[in-house]
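Provided below for reference: sequence and predicted model.
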Amino acid sequence: MKAKIYVTLKKCVLDPQGKAVAGALNAMNYKEVEDVRVGKFIEVEIKGSSNKEQEARLKEMCDNLLANTVIENYRIEME
């Protein structure tokens, strides 16, 4: 089974990469861009006996490696 994991910075965390991208887009005359937040997208192929077990393992992976839960949120979508 394939899982999609979206990792984003928490709203209270400064995003310097997002600010740089927003500034570059504005400099390229995309003046309608007000703000940009940059995150990560991760696809994982996972096997397991049940969706519940797979989701628990994916959550564990996110908490331990894929996301820094102090400053990032994540969302898991199972296909």
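Sure, I can see it.

And the helix or strand of the chain with the lowest mean pLDDT, what does it pack against?
Ranked by mean pLDDT, DSSP states H and E, the weakest helix or strand in the chain is helix 51-61, scoring a mean of 95. On a contact count with 3 or more Cβ pairs under 8 Å, 6 or more residues apart in numbering; DSSP states H and E, helix 51-61 meets strand 2-9, strand 72-78. Any C-beta I mention is one placed from the backbone N, CA and C, and that applies to glycine too.

Go through those strands and name the closest to E34.
Nearest to E34, of all the helices and strands packed on helix 51-61, is strand 2-9, at 16.8 Å by Cβ to Cβ.

how big is the angle separating the closest one from helix 51-61?
For strand 2-9 against helix 51-61, the angle by axes from the mean of the first three to the mean of the last three Cα atoms, to 10 degrees is 40 degrees.

Render the CA-only coordinates of strand 2-9 in CSV, please.
Provided in CSV are the C-alpha atoms of strand 2-9 (Å, rounded to 0.1, in the frame of the first residue of the first chain):
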residue,chain,number,x,y,z
LYS,A,2,1.2,3.5,-0.7
ALA,A,3,1.0,6.3,1.8
LYS,A,4,1.4,10.0,1.2
ILE,A,5,2.8,12.1,4.0
TYR,A,6,2.6,15.9,4.0
VAL,A,7,4.9,17.7,6.4
THR,A,8,4.4,21.5,7.0
LEU,A,9,5.8,24.0,9.4
